[in-house]
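Visitor: Here's a sequence, model it:
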Amino acid sequence: MSQPWDYIAKLVCIGDSGTGKSSLTIRLCEGRFSPSHDVTIGVEFGSRIVPVGPPASLELGIEEFSRTESTSVAEDAAPSQSTASGLPSPPRKPETSPQKRMKLSLWDTAGQETYKSITRSYFRGASGALLVFDISRRSTFISCTQWLQDLRQIAEEGIVVILVGNKSDLAGQASGSNKREVTQQEAETWCQANNIVRYVETSAKSGDGVERAFLEVAERIYRNIEAGRYDLNDRRSGVKGFGASGGGNTGAPKTITLGMDDAMRGGNSWAGGCC
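Guide: Numbering: from 1, shown residues only. Purely as a prediction, here's the structure:
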């Protein structure tokens, strides 16, 4: 029996209370939306196995990866020098390797000021973070600067951070329905100023962009693994290889194994009580 995943990475969802962090986690892990839920206290957990690296990563369209991959394929497909018979040898087929998979250990943190001292402690060892704000509440966007400062002070150096503007369903174009207070341009400019690799807009209600946000983080963590930026055997590291994370821990949350295109399809075996 093949191993269920190749790597496991710790991700934290951070941001002000009410921005939809728990809803994003539920949407990814269970494929559903809960219109009402209790305030998160401390941290709640979920997990999801996603594909990383080629061929699945090519669907993300991340520019620098696509350029490298296309160059490699073009070189492999190019005709080689003529053989002794004077005829060109047939083009080599690009080598294919098994699809890599990463288990995302999702830590959904509380956003209320009351729990911030507790929440910050969960940043340690995280290799990725989704910094979430509500596009219909400018105050939650302004708070992102402080959240990012706290994260970078405590988390591992080089942590992969994606800025997520949630509740994009409130930005309708019909008269009177557009509740957007933060534009996409503003968010992207903030990302550039704060060295954030990507801005993604999501709707936990409709599911739009949710898969993309988490896959962006996972793919960039995978690239760091390939570049040798993590010690996979260090127990303090937020990334580990299969077999190095104490898989016998029966208290770990259950895992939903889904593919690239089925984030929105159901499944109710996610454990962690996130709501």
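
Visitor: Can you give me the first-to-last residue distance of stretch 153-161?
Guide: Using Cα to Cα, to the nearest Å, one end of stretch 153-161 lies 13 Å from the other.

Visitor: any idea of the mean pLDDT in it?
Guide: For stretch 153-161, mean pLDDT is 90.

Visitor: So for that stretch, what gets flagged as buried?
Guide: Ala155, Glu156, Ile159, Val160, Val161 (16 or more other Cβ atoms under 10 Å). For glycine as for every other residue, the C-beta is placed from the backbone atoms N, C-alpha and C.

Visitor: Which two of the residues you listed have the greatest separation?
Guide: The most widely separated members of the buried residues of stretch 153-161, counting by Cβ to Cβ, are Glu156 and Val161 (11.4 Å).

Visitor: Closest one to Ala171 out of the buried residues of stretch 153-161, please.
Guide: Val161 (22.8 Å).

Visitor: Quick check: next helix or strand after the stretch of helix or strand that closest one belongs to?
Guide: Under the criterion of DSSP states H and E, Val161 resides in strand 160-166. Beyond strand 160-166 in the direction of the C-terminus, DSSP H and E gives the next helix or strand as helix 184-193.

Visitor: Show the subsequent helix or strand relative to that next one.
Guide: Next helix or strand after helix 184-193 toward the C-terminus (DSSP H and E): strand 198-201.

Visitor: In the stretch 1-150 of the chain, where is pLDDT below threshold?
Guide: Applying pLDDT under 70 to the stretch 1-150 of the chain picks out residues 1-2, 35-43, 63-96, 110-119.

Visitor: What's the local residue count around Val182?
Guide: Neighbour count of Val182, defined by other Cβ atoms under 10 Å: 21.

Visitor: I'd say it and Ser139 touch.
Guide: No: assessed by Cβ atoms under 8 Å, Val182 is found out of contact with Ser139, at 10.1 Å.

Visitor: wait, isn't Asp231 in contact with Lys240?
Guide: No: applying Cβ under 8 Å as the test, Asp231 and Lys240 come out as separate, 9.3 Å apart.

Visitor: Looking only at neighbour counts, state which of these two leads.
Guide: Between Asp231 and Lys240, counting by other Cβ under 10 Å, Lys240 is the more crowded of the two (23 against 11).

Visitor: Can you report phi and psi for the more buried one?
Guide: Note on Lys240: its backbone torsions stand at phi -140, psi 160 [degrees, to the nearest 10].

Visitor: For it, which residues are in contact?
Guide: Applying Cβ atoms under 8 Å, 6 or more residues apart in numbering to Lys240 gives the contacts Tyr7, Ile8, Leu232, Asn233.

Visitor: which of those residues are buried?
Guide: By neighbour count, with 16+ other Cβ under 10 Å, these hold Tyr7, Ile8, Leu232 as buried.

Visitor: Tell me which stretches of this protein form strands.
Guide: In the chain, strands defined by DSSP state E lie at 7-14, 43-52, 100-109, 128-134, 160-166, 198-201, 239-241, 256-257, listed in chain order.

Visitor: re the thing from before, would you format the buried ones among the contacts of Lys240 as CSV with distance to Lys21 included?
Guide: Converted to CSV, the buried ones among the contacts of Lys240 look like this (distance: Cβ to Cβ, whole Å):
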residue, distance to Lys21
Tyr7, 23
Ile8, 21
Leu232, 28
